[in-house]
Structures are given as C-alpha cells and as structure tokens.
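> 3D model of this:
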Amino acid sequence: MNITGTYKTQHGELTVAQNGDNITASYQENGICAGKISDNKVEGIWKNNKDQGLFEWIFDEKGSFTGKYKSGLEPGNMRG
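Sure thing, here's the model as predicted:
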C-alpha cells in the first residue's frame, strides 16, 4: 500500500512520503513523523518543538486513516 500524499487531520495538513516500508511526514510548522508501514498499519515516532511520542495509523481500502498517539516513547495506551 502506498500512502504518499497530503491528508487533512485535526492537527492540520499532514504530508506523507513513502520509500518502501519507511514513511516520513510533516505537519504544522515543525512537526515530523517517521515510521514503518506493514500492510495497512503505520507505527512510528512523532516529534514537534515541545514534545515527542508514539503514533499508529490504520488505513482503510479507500486510503483514509484513523490514528492514535501518545506523548512519550514508553509503551502504553494511546488516544484517538
């Protein structure tokens, strides 16, 4: 699945680039995401000027996605 493109999210536009199973994305002024895609699921780390944490995106067959994230790099519950 190729997820390259620009998506509208609750945090503004998210611009995603994909190279094989590696993804990078940018959002807002200085937000970045980096992760790996497997089937329709992306897992990785997000960072901005103030914080960093984990994220997970699940893509549907239409190319839309739902996401969860949390502050901090320790495993734990994420919010949608």
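> mind listing the strands in the chain by residue range?
Per DSSP state E, the chain carries strands over the ranges 5-9, 12-19, 22-27, 31-38, 41-47, 52-59, 65-71.
> of all those strands, which one is nearest Gly80?
Comparing the strands of the chain by their distance to Gly80 (C-beta to C-beta), the top pick is strand 65-71, with 5.2 Å. Where you see a C-beta, it was placed from the backbone N, CA and C, and this is true even at glycine.
> enumerate the positions of the closest one that are buried.
Buried residues in strand 65-71, counting neighbours by 16 or more other C-beta atoms under 10 Å, are found at Phe65, Gly67, Tyr69, Lys70.
> what's the nearest residue to Asn48 if we skip its chain neighbours?
What sits nearest to Asn48 in space, not counting adjacent residues and going by C-beta to C-beta, 6 or more residues apart in numbering, is Gly31, at 4.3 Å.
> wait, doesn't the one you found sit right on Asp51?
No. Look at Gly31 against Asp51 with C-beta atoms under 8 Å: they stay out of range, at 9.8 Å.
> between those two, who's got more neighbours?
Gly31 (17 against 10; other C-beta atoms under 10 Å).
> my read is that Thr66 contacts Gly80, right?
Yes. At 6.8 Å, Thr66 counts as touching Gly80 under the criterion of C-beta under 8 Å.
> my guess is Thr4 contacts Gln18, does it?
Yes. Here Thr4 reaches Gln18: they are 4.8 Å apart, a contact under C-beta under 8 Å.
> neighbour count winner among the two?
Ranked by neighbour count (other C-beta under 10 Å), Thr4 and Gln18 place Gln18 first, with 16 against 11.
> the more buried one pairs with what?
Counting by DSSP bridges, Gln18 is bridged to Ile23.
> hang on, it packs against Cys33?
No. Taking C-beta under 8 Å as the definition, Gln18 is not a contact partner of Cys33, at 11.7 Å.
> model confidence for the residue nearest to Asn48, exactly?
Gly31 carries a pLDDT value of 95.
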